[in-house]
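Student: With the input below, show me the fold.
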Amino acid sequence: MSYSVGQVAGFAGVTVRTLHHYDEIGLLVAGERSHAGHRRYGDEDLDRLQQILFYRELGFPLDEVAALLDDPDADPRAHLRRQHELLTARIEKLQKMAAAVEHAMEARSMGINLTPEERFEVFGDKDPEQYAEEAEQRWGGTEQYAESQRRAARYTKDDWQRIQDEVASWGERYDALMAAGEPPAGEAAMDLAEEHRRHICRWFYPCSYEMHGCLGEMYVSDERFKAFYDAMRPGLAEHLRDAITANAARRPEES
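Tutor: Take a look at the predicted model:
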C-alpha cells in the first residue's frame, strides 16, 4: 500500500513542501511514482520519515540526519538504542526545565523578586522555596507565616546572599562540632542552636523557644527537612533537634 504526498503530510504533521524538499535533497525519496508522476510513499518510506522527524525534533541538522540514517554499519536496533538514549537525556533536561519553571512560579508568589542571573548567583541549583508549600500548609494562617512573607518580599539579592552565607557558615561549624564529638547538650551545640533560632528571628519571623522546639521536631519527622540538614552531615537533624531542646531548657525565663 502506498500514500500520496498529501496523505503523508497530513498524518505526519509536516507540510507538502517539506516532503518535496526532503525528496529533492535525497533525504527521503518517494519509493514509487504514480502513472502521472506523483510521489507515492510506502511503509519503508514512512519508517524513514519517522526517523527523520525524530532527529529533527532533537535539533539535528538535515545533513547529520542523512549521515545517521545512511550509515551502512548501523542497524535498526542501533537506531532505537540511540533514540532511547537521546530521549532519556531530553526528558531529564525537560524535567529540570519544568522544575525550574515551577520553582520560579513559587518564588514569585512568595515575593522573591530576583532576576534569573541573581537567582543563579545566590542560590545556584538549589530551590530557595523548597519548603514553601509545606510551610503554607502548616502555618499559613499564623502571624509568623505572614511576617515571613512580608520580610521576604522586601529582600534584595544582597540580602538573600547574606542569608545563604550565614546558613553555609553555620552548617560548616555544626559539621565540625559533630566531627569533634560534641554532645547536643554541650555548650557549643546549644550555642549553635541559639544562633539558628536567632537567624530565623532576624530574617523571617519572631521564633520563640517553644516554636523553635516544634521546628526541631519537624526537622526529624519531615523527610524533606531531615534531608536538608542531613545533607550537611548525616545525623545532623537529630543532633540539632536535641540541641534545640537543651538550649530552650537552659533559658526557661526567655521567650
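
Student: Give me the distance between L19 and S208.
Tutor: When CB to CB, to the nearest Å is applied, the distance between L19 and S208 equals 71 Å. (C-beta placed from N, C-alpha, C; glycine too.)

Student: These two: which is more packed in?
Tutor: L19 (22 against 14; other CB atoms under 10 Å).

Student: OK, contacts around that one?
Tutor: Counting by CB atoms under 8 Å, 6 or more residues apart in numbering, L19 makes contact with 5, 8-9, 28, 39.

Student: List the residues that contact E166.
Tutor: With contacts taken as CB under 8 Å, 6+ apart, E166 has the following neighbours: H199.

Student: Mind telling me what element it is part of?
Tutor: Assigning secondary structure by DSSP states H and E places E166 in helix 157-179.

Student: which secondary structure elements does the helix or strand following that helix contact?
Tutor: Downstream of helix 157-179, the first helix or strand assigned by DSSP H and E is helix 187-203. Using 3 or more CB pairs under 8 Å, 6 or more residues apart in numbering; DSSP states H and E as the contact criterion, the elements in contact with helix 187-203 are helix 157-179, helix 209-221, helix 236-249.

Student: continuing past the shortest one, what's the next helix or strand?
Tutor: Pointing back at helix 209-221 there. Read in the C-terminal direction, the helix or strand following helix 209-221 is helix 223-230, with elements assigned using DSSP H and E.

Student: Return the set of buried residues in that following helix.
Tutor: Counting neighbours by 16 or more other CB atoms under 10 Å, one finds that the buried residues in helix 223-230 are 225-226, 228-230.
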